[in-house]
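**Q** Got a predicted structure here, sequence first:
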Amino acid sequence: MAKVQSWWRLRQIRHRDAVVLAIVSSACLLAGEVANSNIASLYSIFIAPYLTDPPVLIVLVALTILGYTTYFGGIFVLLGGLHFSWGRVGRGRFLLGLGLGISLLGFVSRLARATLTAAKPFGSPIHELILYTETLTGLGIVLGIASHSLMGQYALMLKKHAKRVWRRWRKTHRPRRRSARS
C-alpha cells in the first residue's frame with residue numbers, strides 16, 4: 001500500500017509540474033511562431049501594396065495583427081508560470097489562461113493568413129489548420145492546457161486546506177456561551 005503524502009508534499013510536486021509545463025509551453029509557443037513566420041517582411045508583403053485603398057488597408061492591418069498574436073500568448077504563459085512559482089496562484093493561473101486564449105487565436109490567425117495569401121499555392125484554410133496542429137505552437141497549446149489544469153488542481157487543494165485550517169481556528173477561538181443564570 002502506498003504511503004499517503006502530506007498536503008505540503010503534494011503542494012510542492014504539483015507546483016513544480018505546473019511551472020515546468022508552463023515554461024515548456026511558453027518555449028514551444030515562442031519557438032513555433034518564430035519558425036512559422038517572417039515578421040520583417042509583413043509590411044512589404046501585406047500592407048504596402050494597399051496603401052491607396054483605406055478600407056482594404058484597415059482590414060489587412062487588423063488581419064496582420066491578429067495573425068501574429070501567438071507571440072504575446074507565449075509571453076503571457078511564461079509570466080503566468082513565473083507568478084505561479086512565486087506563490088501567486090490566482091494571478092499566475094489568470095495570466096496562463098490569458099496567454100492560452102491569445103494563443104488559441106492562432107487558429108484564427110492561420111485562417112487570416114490563408115485569406116491574405118489565397119492566390120498563392122497552399123493558401124487554403126484547411127491546409128493551414130493541418131499545418132498548425134503539427135507545429136510547436138500546437139504542442140505549446142496542449143502543454144499550456146495541461147499546466148492550467150494542474151494549477152487548478154493545486155488551487156483547489158490549497159482552498160480545501162485553508163478551509164480546514166479556518167474551521168480549526170474558529171473552533172479554538174469561539175466565545176464561550178454564557179449560562180442562563182447570568
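**A** In hand now; what should we look at?
**Q** can you tell me which residues contact the most centrally placed residue in the chain?
**A** Centroid-nearest residue in the chain, with CA atoms, centre = their mean: residue 100, separated by 2.8 Å. With contact taken as CB atoms under 8 Å, 6 or more residues apart in numbering, residue 100 is in contact with 73, 77, 141, 144-145, 148. To be clear about C-beta, it is placed using only N, CA and C from the backbone, and glycine gets the same treatment.
**Q** Now do the SS call for residue 95.
**A** helix (DSSP: H, G, I helix; E, B strand; the rest coil).
**Q** That one contacts residue 85, correct?
**A** No: here residue 95 does not reach residue 85: they are 11.9 Å apart, not a contact under CB atoms under 8 Å.
**Q** Identify the single longest helix in this structure, thanks.
**A** The longest helix of the chain (DSSP state H) is helix 136-172.
**Q** Averaged pLDDT, the strand or helix carrying residue 73. What do you get?
**A** Assigned by DSSP states H and E, residue 73 falls within helix 70-85. Helix 70-85 shows a mean pLDDT of 85.
**Q** quick one: buried residues of it?
**A** Neighbour-count burial for helix 70-85, counted by 16 or more other CB atoms under 10 Å, picks out 70-85.
**Q** got the angle for that helix vs helix 136-172?
**A** Helix 70-85 and helix 136-172 meet at an angle of 30 degrees, taking axes from the mean of the first three to the mean of the last three CA atoms, to 10 degrees as the criterion.
**Q** what does the model give residue 48 for pLDDT?
**A** pLDDT for residue 48: 82.
**Q** same thing with the one 4 residues further on?
**A** The confidence metric pLDDT takes the value 88 at residue 52.
**Q** Could you do the one 4 residues further on as well?
**A** Looking at residue 56, its pLDDT reads 86.
**Q** Residue 95 too?
**A** The model's pLDDT for residue 95 equals 90.
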